[in-house]
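Enquirer: predicted model and sequence below, questions to follow.
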Amino acid sequence: MTTEQTLVKTLDFQLNIQSDNEGLLYAATLEARSVYNETIRLAKEGVDWNAIPDRVADDANLVKNTTQRVVAKALGAMENYYEYDDFGQPSHTKDGEYPLRANYEEGYSLSLTDDGDVAFRISAKPYKHVTGVLEGSDAHLDILKTALTSDEWKVGTAEALFHNDNPELHVNVTNTEQTVRHKHDSRTVVGVDVNEDNVALTALSEDGVEDTLVIDFPEIKFKRHRYFTIRKRVQNAGKNSIHDTLEGREERFVRDRLHKVSRHIVEWSRQFEMPCVVFEDLKEMRDSIDYGTRMNRRLHHLPFRALQFYTSYKASFEGIPTAWINPEYTSQRCPLCGHTERANRNKKRFNCRSCSHQDHSDRGASINIAVKGIKKHQDWNVPALNNLPTVRKVRRQASGAVDAPTVTHLTVRGYQADGRVGVSD
Ligand SMILES: [Zn+2]
């Protein structure tokens with residue numbers, strides 16, 4: 001049985017507050033914390049969950065339906081705890097801010113301005129508003145503007161919160177016409193390893209590796225370096241206008257290439273049976289311990305998250321689900337024997353210290369990502385891997401066309417030569 005779910009996106013923005021009352025928003029997030037704590041406390045006391053929203057709302061200095069949303073989220077945490085865990089109950093004694101969750105057009109509202117910006121109004125306290133405009137990536141702003149003007153999209157709840165002391169708004173939007181297959185109902189898991197000059201893909205099914213592909217895009221890295229050098233020179237000469245022009249041009253170039261690469265990933269993934277695209281979740285990594293120079297470099301590299309976002313967005317329009325896994329050790333683990341050691345990897349070469357397996361290291365990482373995706377989300381087993389197909393490499397050219405493959409292997413599923421994969425830009 002295939003289940004489907006609606007297409008929901010969470011769009012992240014920075015709040016450019018123009019009403020000069022950031023403190024009010026901060027105070028509201030502290031109030032949200034006390035609502036959360038009170039809810040958890042009452043739930044632990046055994047109070048009937050249906051009675052909790054009203055009991056908490058009476059004392060909270062928040063818009064009533066905002067309080068209800070925060071209570072619902074706290075009860076959701078309790079529910080998860082009952083379902084999945086025997087220990088580690090949600091805490092009711094933490095302090096500090098907690099996201100202020102609000103209903104659209106009740107606790108917060110959005111509107112398009114004449115300048116093409118998106119203005120926000122958040123009711124931080126009853127009859128007290130925080131206003132300004134949203135700032136964020138083009139990709140997120142584009143979807144939000146579409147959602148505000150199209151019947152096909154519905155704007156839903158949002159969370160106002162502080163991230164590294166900066167106010168943000170995370171907005172949920174739902175596409176009412178498109179559905180996405182549930183990620184648990186997949187027969188193929190495509191691991192995507194994003195690097196600064198390539199992306200490695202491996203499709204893994206219960207039968208083993210279906211296919212593997214490395215898409216090189218050295219020009220993105222090259223362009224970024226080139227513009228960076230020019231910019232430095234221009235900056236030193238104090239010519240700001242040229243500097244701005246170059247920055248805009250560079251950004252457009254990189255964005256355009258990332259769109260094409262992400263489309264290629266989705267086209268490639270579509271050929272497999274019930275695919276699920278799996279990425280590394282860098283948010284999880286940032287919270288964990290030292291993750292080495294490779295991860296650091298990728299974290300600070302702009303295209304990384306954008307490529308993940310574009311790919312996930314395009315995949316969902318094909319009904320293909322996306323999933324996220326913890327990136328720990330994905331680049332150090334041997335995909336054949338499982339031996340994990342930093343010394344296994346030397347730049348682009350992987351050489352297992354235990355079983356001597358040699359490979360393109362990014363391809364190996366993409367297999368490990370797929371393996372984690374299967375373990376986390378599928379009810380079928382990770383296949384035993386004894387040998388792997390040769391890595392096939394393609395290169396994105398400035399024209400958008402794809403080179404002849406630099407390495408070929410017999411295709412398992414009749415997948416055609418790379419010039420004809422049906423990537424339409
Ligand atoms: Zn090994």
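Expert: Noted; the coordinates are in hand.

Enquirer: after the lowest-mean-pLDDT helix or strand in the chain, which helix or strand is next?
Expert: None of the helices or strands of the chain scores lower by mean pLDDT, DSSP states H and E than helix 292-299, at a mean of 54. Downstream of helix 292-299, the first helix or strand assigned by DSSP states H and E is helix 303-317.

Enquirer: helices or strands up against that following helix?
Expert: Helices and strands touching helix 303-317, by 3 or more Cβ pairs under 8 Å, 6 or more residues apart in numbering; DSSP states H and E, are strand 4-17, helix 138-149, strand 166-181, strand 188-194, helix 240-270, strand 275-280, strand 322-325. Where you see a C-beta, it was placed from the backbone N, CA and C, and this is true even at glycine.

Enquirer: how big is the angle separating that helix from helix 138-149?
Expert: 40 degrees (axes from the mean of the first three to the mean of the last three Cα atoms, to 10 degrees).

Enquirer: show the pLDDT at residue 303.
Expert: pLDDT recorded at residue 303 is 65.

Enquirer: again, but for residue 309
Expert: On pLDDT, residue 309 comes in at 84.

Enquirer: same question, the one 4 residues further on
Expert: At residue 313, the predicted lDDT confidence score is 84.

Enquirer: ok, now which ones touch it?
Expert: 9, 139, 143, 262 (Cβ atoms under 8 Å, 6 or more residues apart in numbering).

Enquirer: for the residues you listed, which single residue is the most surrounded?
Expert: Counting neighbours by other Cβ atoms under 10 Å, residue 262 comes out on top of the contacts of residue 313 with 22 neighbours.

Enquirer: do I have it right that that one meets residue 305?
Expert: No: counting by Cβ atoms under 8 Å, residue 262 stays clear of residue 305, with 11.9 Å between them.

Enquirer: need the residues of this protein near the ion, please.
Expert: 334, 336, 337, 339, 352, 354, 355, 357 (Cβ under 5 Å from the ion).

Enquirer: for the fifth one, which non-adjacent residue is spatially closest?
Expert: In this case it means residue 352. Using Cβ to Cβ, 6 or more residues apart in numbering and skipping the chain neighbours, the partner closest in space to residue 352 is residue 334 (4.0 Å).

Enquirer: about what we covered before: now the helices and strands packed on helix 303-317 in JSON lines, with mean pLDDT?
Expert: Output for the helices and strands packed on helix 303-317, formatted as JSON lines (pLDDT from 0 to 100):
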{"stretch": "strand 4-17", "mean pLDDT": "88"}
{"stretch": "helix 138-149", "mean pLDDT": "88"}
{"stretch": "strand 166-181", "mean pLDDT": "91"}
{"stretch": "strand 188-194", "mean pLDDT": "96"}
{"stretch": "helix 240-270", "mean pLDDT": "75"}
{"stretch": "strand 275-280", "mean pLDDT": "96"}
{"stretch": "strand 322-325", "mean pLDDT": "94"}
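
Enquirer: got those as CSV, with distance to residue 132 columns?
Expert: Conversion of these to CSV gives the following (distance: least, Cβ to Cβ, whole Å):
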stretch, distance to residue 132
strand 4-17, 4
helix 138-149, 14
strand 166-181, 9
strand 188-194, 33
helix 240-270, 23
strand 275-280, 32
strand 322-325, 30
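
Enquirer: out of those, which is closest to residue 370?
Expert: strand 188-194 (3.1 Å; Cβ to Cβ).

Enquirer: list the buried residues of the closest one.
Expert: Neighbour-count burial for strand 188-194 flags 188, 189, 190, 191, 192, 193, 194 (criterion: 16 or more other Cβ atoms under 10 Å).

Enquirer: same thing with stretch 8-25?
Expert: Under 16+ other Cβ under 10 Å, the buried positions of stretch 8-25 are 9, 11, 12, 13, 15, 17, 21, 22, 24, 25.

Enquirer: and for stretch 58-69?
Expert: Applying 16+ other Cβ under 10 Å to stretch 58-69 flags 60, 62, 63, 65, 66, 67, 68, 69 as buried.

Enquirer: with only the CA atoms kept, save that stretch in CSV.
Expert: Written as CSV, here are the backbone C-alpha positions of stretch 58-69 (Å, rounded to 0.1, in the frame of the first residue of the first chain):
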residue,chain,number,x,y,z
ASP,A,58,-5.9,31.6,31.1
ASP,A,59,-2.5,32.5,32.6
ALA,A,60,-0.4,33.1,29.5
ASN,A,61,0.3,36.6,28.2
LEU,A,62,0.1,35.5,24.6
VAL,A,63,-2.5,35.6,21.8
LYS,A,64,-4.9,32.8,22.8
ASN,A,65,-4.5,30.6,19.7
THR,A,66,-0.7,31.1,19.8
THR,A,67,-0.8,29.6,23.3
GLN,A,68,-2.9,26.7,22.0
ARG,A,69,-0.3,26.1,19.3
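
Enquirer: adding distance to residue 362, write the buried residues of stretch 8-25 out as CSV.
Expert: Listed next are the buried residues of stretch 8-25 as CSV, based on distance: Cβ to Cβ, whole Å:
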residue, distance to residue 362
9, 28
11, 29
12, 27
13, 32
15, 37
17, 42
21, 48
22, 42
24, 47
25, 42
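
Enquirer: of those residues, which pair is most distant in space?
Expert: Maximum pairwise distance in those, criterion Cβ to Cβ, is 29.0 Å, between 9 and 21.

Enquirer: so which residues of the stretch 301-425 of the chain form helices?
Expert: Using DSSP state H, counting those that start in this stretch, the helices of the stretch 301-425 of the chain run over 303-317, 361-377.

Enquirer: could you tell me the angle between the last one and strand 188-194?
Expert: An angle of 130 degrees separates the directions of helix 361-377 and strand 188-194 when computed by the same axes, to 10 degrees.

Enquirer: now swap in the shortest one and tell me
Expert: With the same axes, to 10 degrees defining the directions, helix 303-317 sits at 160 degrees from strand 188-194.

Enquirer: nearest residue to residue 4 other than its sequence neighbours?
Expert: residue 179 (4.0 Å).

Enquirer: on the strand side of things, show who the one you found bridges to.
Expert: Using DSSP bridges, the bridge partners assigned to residue 179 are residue 6.

Enquirer: so who does the residue nearest to residue 362 when sequence neighbours are not counted touch?
Expert: Nearest residue to residue 362, sequence neighbours excluded (Cβ to Cβ, 6+ apart): residue 200, at 3.9 Å. Residues in contact with residue 200, defined by Cβ under 8 Å, 6+ apart, are 192, 193, 212, 213, 214, 215, 360, 362, 363, 365, 366.

Enquirer: go with 10 Å
Expert: Applying Cβ atoms under 10 Å, 6 or more residues apart in numbering to residue 200 gives the contacts 191-194, 212-216, 360-367, 369, 391, 393.
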